[in-house]
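Undergrad: One predicted model, sequence on top.
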Amino acid sequence: MNLATWSIRNPIPAVLLFLLLSLAGLRGFQQLSIQSLPDLDLPGIIIKLSQPGAAPAQLETEVARKVEDSIATLSGIKHIRTSITDGLVQISAEFVLEKKLSDALIETKDAVDRVRSDLPTSVQQPSVSAVTVGGAPILTYAIASSRLDEEALSWWVDDTVGKTLAGVAGVGRFERLGGVQREIQVEVDPVRLTSLGVTATDVSRALKQVQQESSGGRGNLGLAEQSLRTQATVRQASELAALPVVLGNGRDVRLDQVATVRDTVAERTQLALLDGKPVIGFQVYRAKGYDESRVAEGVRQALQRLQQADPSLSVTLISGSVSYALEQYHGSMTMLYEGAALAVLVVWWFLRDWRATLVSASALPLSILPTFAAMYWLDFSLNMLTLLALAIVVGILVDDAIVEIENIARHVRMGKSVRQAAAEAVDEIALAVIATTLALVAVFTPTALMNGISGLFFKQFGWTAVVAVLASLLVARLLTPVLAVFLLTDRHHPETSDGGLMRVYLQAVRWTLARRRTTLALATLFFIASCALLPLLPASFVPAADRDHTLVRFELPPGSAIADAGRVAEAVRVALQPVAGISHLFTAIGSSQPGNGMLRAGEVREGSVTLTLNEREQRPPQGVIEQAVRQALRQVAGARFSLGVGGPGEKMSLILSSDNVSALKASAQALERELRGLGTFSNITSTASLERPEIVIRPDWQRAAELGVSAELIGETVRIATIGDFEAQLAKLNLDNRQLGIRVRMADAARRDLQVLANLRIKSGNGLVPLASVAELTLASGSAQVDRFDRRRYVTVNADLGGLSLGKALADAKALPAVKAMPPGVKLISTGDAEMMEEMAGGFGFAMLTGLLCVFCVLVLLFKDFFQPLTILSAIPLSMGGAFIALLVTGGELNISSMIGLIMLMGIVTKNSILLVEYALAARREQGLSRHAALLDACRKRARPIIMTTVAMIAGMLPIALGLGADASFRQPMAIAVIGGLLSSTLLSLLVVPVVFTYVDGLQRLMLRGKQHETVAAT
């Protein structure tokens, strides 16, 4: 007695089981988080080392290389990326997926500690932290106020907004865009300092000693104990002017005698504008593992409360990934409902019995709800991939129920009671149903077990599909027979004769069986032609999405001031105003730039303009808008631009790596020049020419030694006089709710005159001497930034694809003379989407081969035969041609989405073949039919359920293929590939599989006959 017959005899346990599973599924669905995609970042560690004032080239030699060499010895390290700017080294250590983040963090800290003693003593304590925040912000807001000025609003955002949002569950990081920082500036007069024989360094350090608080000591007054605290601080900035500063040698001076004290703002390093008007912006980053929609809702409510408390505030949502994630979620759920409804309608159209349709339709919710419970238990989320898995198995979920109900209905038409028909029909079909389900499991499981980036993508997809398919098997074997017994009626209808369509089909089968070689030759030619279509399909990683915003990043030449960047930003805004579909333009200059798993410190010469787009129904597609933006940006001179939010499918990134700096630079410039000559790329940029102007101070060692002046003293004096002391060394003014730095330096005008710098006084053994007397000042250039990849310098060449497929773009780039004739030691490395695409292709190839092997093994175990599983698998090649043709006709690409469809086809086509082959074998074994008669009987009995399940699956896919509603750029290629493959495989397998069956059966009989001859001869 199997599960099906047991459930018919004992219906209560089966009903109770699915009631509990459904309740668990509803609870799990409520708890599942909503995201665009699963967290795709590999285990990553960020190391930050700071040596204030050090140049990038110096940090590369003295710090970066030593730390990199130590990290490179760690197990599981995949890539090491280093970004070196003024005074800061940031190293991103990327590990393989199998590495535990906690182990990677501990091992990386140990590796840094091993070389800590080899680093310069002025290097501050290294910071080693795990990457726990998603790469891109999920929300970007702009705030303006009619009551607060820029400084007050900046502090309010830092203090009030920052603290409020930090209390929202799931907020991983908060970052302000634009605004200013309040500080106390003490502008020293060089002439007065010289007359007193002191330097700006003396004033700064003396002020630090005077303006401070310290605690220590203990008093015992009145038989009680008191702690002692020294308070040597002023209460407000105006009191600093009268503060006496001790200069040494018993001298002191009032601060206002040598300097001007101002309560002002620090030098501007950021700027934010909304539609050309100054605002303060901020970005919210999600901590990994949290629901984007819940984080966004928590942020929205917190900002609403702040706005209610202060009506003068104006808060504008600029951009974010949350709206797109919610749109994808609602769109996927809608398509899931539509697909399920269409599949049910197909079942009704074939069966024309609402009772049978109801039994089949019940498999959908009863299979999907337990899947939600498993997803919650596995810590999955509702994202495009898991929802896609559910959408593509909608047709599959009703397959088993359709096959069983159709078989029960056939037995009822034979004159049996419903109970008898159900018991016999489900028993008869048991092997086919189990085989088809396990074949699908065997196909999807390898996708869930892939390594690397592909594994990150498809772990949740594969296991969701596997659980849903297994749940559908459980429904079919336990609940469908029970529902059939209780819902179907005992109406005895005589078996209907073959209809016209069936007669045509059976005649075609007879024709193919009579002309087996011709049929097999035509099928082989079809497969060869299908393979020939493959090179015609463009390859890419992920289809470009149609989001509600896009980004224009711009970069000015090194050395440009923030005012120059502001003028370019305004020119961009004016140029983009005529572009249709844009509602807001938000400019951020000097903010940190994401990349390579870390945030690079912003520069005043860099900025971005976020284009907030109108609702999808009120604008052209994002690609059309971006093309218009590219045309408009040609009017703006003085900067180079890149377009796109940085998502997959937007850019091609090529890395040139070498230890030969000059050869590396020349190769990168040649590649950039030749890419421009192709005319197919836009916004081509590279980091090869990033050199900034410098004022180089070279000490005269002989003269400096005679005067007792050291290079360290020169550097320290120049630094403090021009920009002030390090942040940690500054004197502080304590306010009620914050500390303000007191920065001592010369006025801004001094930094604009080289002669003033040359006359800057340096303390020597003989008093103060001009800087020009101990050093030479010259104008030169140096690296603005040093980038390293896997312990070698690299230059990145980026290009906007603009709708071009990534595979075609890479092929064109690698065919250029600059790539083919690279100097020795210069290496081309594909990174970003290109690296992921190559890894994905290998992972998918291995997954498909593994899936085929697993299906074969499952079929061998179930059929207890090594030969007929080959017949079943012969239908798989027949599906590829239809999928390729459908993609070519619709302009599709071979990407992640379409590859999902190809893998799904393997399972679906196998299901159809199993139904045919299993019945033919059963007919020969149980009814004693000849091979030809058994095949015709199998085609007659199984064509109907095969066509029913195929049409149901196509109906389930149709809303996705049509791309209705939300942006379907990711899901559409998959549905198109599946529908095309289903059409070709169903039509051809119904004709070709019987022919292959005869050849395999003949081979099997031949081998058995040979074995019998050998046995007879041996006896």
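TA: Nice, thanks for sending it over.

Undergrad: Next, work out how far apart the residue lying closest to Ser83 once chain neighbours are set aside and Ile84 are.
TA: Distances taken as C-beta to C-beta, 6 or more residues apart in numbering put Gln90 closest to Ser83, at 4.8 Å, once the chain neighbours are dropped. To be clear about C-beta, it is placed using only N, CA and C from the backbone, and glycine gets the same treatment. Counting by C-beta to C-beta, to the nearest Å, the separation of Gln90 from Ile84 is 8 Å.

Undergrad: Could I get the contacting residues of Asn220?
TA: Gln226 (C-beta atoms under 8 Å, 6 or more residues apart in numbering).

Undergrad: That one in helix, strand or coil?
TA: strand (DSSP: H, G, I helix; E, B strand; the rest coil).

Undergrad: surely Pro558 meets Pro693?
TA: Yes: assessed by C-beta atoms under 8 Å, Pro558 is found in contact with Pro693 at 7.1 Å.

Undergrad: Comparing those two, which residue is more hemmed in?
TA: Between Pro558 and Pro693, counted using other C-beta atoms under 10 Å, the more crowded position is Pro558 (18 against 12).

Undergrad: Now for the closest residue to the more buried one other than its chain neighbours, how many residues are close by?
TA: Spatial nearest neighbour of Pro558, chain neighbours left out: Arg692 (3.3 Å); criterion: C-beta to C-beta, 6+ apart. Residues near Arg692, counting by other C-beta under 10 Å, number 17.

Undergrad: Kindly report the same for Ala637.
TA: Ala637: 7 neighbours (other C-beta under 10 Å).

Undergrad: contacting residues for it?
TA: The contact partners of Ala637, taken as C-beta under 8 Å, 6+ apart, number zero.

Undergrad: And Gly178, its phi and psi?
TA: The phi/psi pair for Gly178 (degrees, to the nearest 10) reads phi 80, psi -170.

Undergrad: Surely it and Ile280 touch.
TA: Yes: assessed by C-beta under 8 Å, Gly178 is found in contact with Ile280 at 5.3 Å.

Undergrad: joint contacts of the two?
TA: Here Gly178 and Ile280 share the contacting residues 154, 272, scored by C-beta under 8 Å, 6+ apart.

Undergrad: which stretches of the stretch 751-900 of the chain have low pLDDT?
TA: 782-784, 802-806, 830-843 (pLDDT under 70).

Undergrad: wait, I meant the stretch 1-150 of the chain
TA: Ranges of the stretch 1-150 of the chain meeting pLDDT under 70: 1-2, 4, 39-42, 132-135.

Undergrad: Do a quick rundown of the helices in the stretch 551-700 of the chain.
TA: 562-576, 622-633, 661-678 (DSSP state H, counting those that start in this stretch).

Undergrad: wait, which of those helices is closest to Val15?
TA: Closest approach to Val15 among the helices of the stretch 551-700 of the chain (C-beta to C-beta): helix 622-633, 49.2 Å.

Undergrad: Next up, the contacts around Pro973.
TA: 543, 887, 892-893, 895, 897-898, 901.

Undergrad: Kindly apply the preceding question to Thr587 instead.
TA: 271-274, 569, 572-573, 607-610.

Undergrad: residue ranges for the helices of the stretch 351-500 of the chain, please.
TA: Taking DSSP H, counting those that start in this stretch, the helices of the stretch 351-500 of the chain run over residues 354-361, 363-377, 384-392, 394-413, 418-428, 430-448, 452-474, 480-487, 500-514.

Undergrad: Quick one, which of those gets closest to Pro244.
TA: Nearest of these to Pro244, taken as C-beta to C-beta: helix 452-474 at 63.6 Å.

Undergrad: Does Gln1004 fall in a helix, a strand, or a coil region?
TA: helix.

Undergrad: which ones are touching it?
TA: Gln1004 makes contacts with 865, 867-868, as judged by C-beta under 8 Å, 6+ apart.

Undergrad: Ile914 contacts Leu873, correct?
TA: No: here Ile914 does not reach Leu873: they are 10.2 Å apart, not a contact under C-beta under 8 Å.

Undergrad: of the two, who's got more company?
TA: Applying other C-beta under 10 Å to Ile914 and Leu873 shows that Ile914 carries more neighbours, namely 30 against 19.

Undergrad: What separation do you get for Val96 and Thr447?
TA: 19 Å.

Undergrad: Which one's more surrounded, those two?
TA: Between Val96 and Thr447, counting by other C-beta under 10 Å, Thr447 is the more crowded of the two (28 against 15).

Undergrad: What residues of stretch 61-70 count as buried?
TA: When burial is assessed from 16 or more other C-beta atoms under 10 Å, stretch 61-70 yields the following buried residues: 62-64, 66-68, 70.

Undergrad: swap in stretch 367-378?
TA: 367-376.

Undergrad: Let me know the closest of the residues you listed to Arg147.
TA: Closest to Arg147, out of all of the buried residues of stretch 367-378 and judged by C-beta to C-beta, is Tyr376, at 46.5 Å.
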